[in-house]
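Visitor: here are the coordinates; sequence isn't available:
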């Protein structure tokens, strides 16, 4: 699975959009980009994933560059409850898909 | 809700004791994963089951760690002769058979070895 690189930490004002970048320059054609987040003392929570098209759900939007070497997770209106560590992971297709986690981005949403 | 359930939520044991951690996956989920998360780090893969078959145990750190899922649903992670470096949060995740489906995680068991 491809390695991903994320900034260590970011800040965002409450109510504003939070844009979290991720680099995955060695991603292969069959690897998906998955985003999870982990709020303190809880297990990781799935947010969204995509292959090459942009994706949107009730939680967030995922923008993947055309060359697939990077992506951005967008939380359109961040709230204090979005304060968490956000992980970007490249995941191959198939059932046996153990997740290889980095250190993620610690997002602080400030009032 | 019908999410992944892990018990106990917290476990304190003395060095040398054996511990058993339980995971109840989402009903019908074929795949089950165990991860270990040290403080300030991302989770690290331990082992993977498809139904009752343990297909990958490459992440288990030593032969003191043993996992089972005898009936293809509930899983137990056992650690024998615990050591201080075993202190961590142990996370369980499950996912359906269908490919390209996300893993759903429990809130983990925080294990402290004194």
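Guide: Structure's in. What do you need? The model shown is predicted, which means the values in this text are computed figures rather than measured ones. Numbers count the residues shown, from 1 in each chain, chains lettered A, B, ... in the order given.
Visitor: Chain neighbours aside, what residue packs nearest to residue 31?
Guide: I'll assume chain A. Of all residues not flanking residue A:31 in the chain, residue A:90 sits nearest, at 4.6 Å (Cβ to Cβ, 6 or more residues apart in numbering or on different chains). Where C-beta positions appear, they are placed from N, C-alpha and C, glycine not excepted.
Visitor: think we crossed wires, I meant chain B
Guide: Closest to residue B:31 by Cβ to Cβ, 6+ apart is residue B:95, at 4.6 Å.
Visitor: what's the burial count for that neighbour?
Guide: The burial count assigned to residue B:95 is 21, neighbours taken as other Cβ atoms under 10 Å in any protein chain shown.
Visitor: what residues does chain A put near chain B?
Guide: A:32, A:34, A:41-46, A:49, A:87, A:93-104 (Cβ under 8 Å from any Cβ of the partner chain).
Visitor: Tell me the spatial nearest neighbour of the residue sitting nearest the centre point of chain A, not counting adjacent residues.
Guide: When chain A is reduced to its mean C-alpha position, the closest residue under Cα atoms, centre = their mean turns out to be residue A:35, at 3.5 Å. Nearest residue to residue A:35, sequence neighbours excluded (Cβ to Cβ, 6+ apart): residue A:47, at 4.3 Å.
Visitor: ok so the one you found is a strand residue?
Guide: Yes: counting by DSSP: H, G, I helix; E, B strand; the rest coil, residue A:47 is part of a strand.
Visitor: Give me the distance between it and residue A:73.
Guide: 7 Å (Cβ to Cβ, to the nearest Å).
Visitor: one step back: who is the residue nearest to residue A:31 paired with across the strands?
Guide: residue A:33 (DSSP bridges).
Visitor: pLDDT at it, what is it?
Guide: Per-residue confidence (pLDDT) for residue A:90: 90.
Visitor: Residue A:97 now?
Guide: Predicted confidence (pLDDT) for residue A:97: 75.
Visitor: Same question for residue B:63.
Guide: pLDDT for residue B:63: 96.
Visitor: Would you agree it falls within a strand?
Guide: No: under three-state DSSP, residue B:63 falls outside any strand and is assigned coil.
Visitor: Would you list the phi and psi of it?
Guide: phi -70, psi 0 (degrees, to the nearest 10).
Visitor: Compute the distance between it and residue B:6, please.
Guide: To residue B:6, residue B:63 is 23 Å away according to Cβ to Cβ.
Visitor: So between these two, which is more surrounded?
Guide: Neighbour count, other Cβ under 10 Å: between residue B:63 and residue B:6, residue B:6 has more, with 23 against 7.
Visitor: tell me the contacts of the more buried one?
Guide: B:21-24, B:90-92, B:106-109 (Cβ atoms under 8 Å, 6 or more residues apart in numbering or on different chains).
Visitor: 7 Å - rerun?
Guide: B:22-23, B:92, B:106-109 (Cβ atoms under 7 Å, 6 or more residues apart in numbering or on different chains).
Visitor: Specify the beta-bridge partners of it.
Guide: Under the criterion used (DSSP bridges), residue B:6 bridges to residue B:23.
Visitor: For it, give me the pLDDT.
Guide: In this model, residue B:6 carries a pLDDT of 98.
Visitor: and if you look at residue A:65?
Guide: For residue A:65, pLDDT reads 95.
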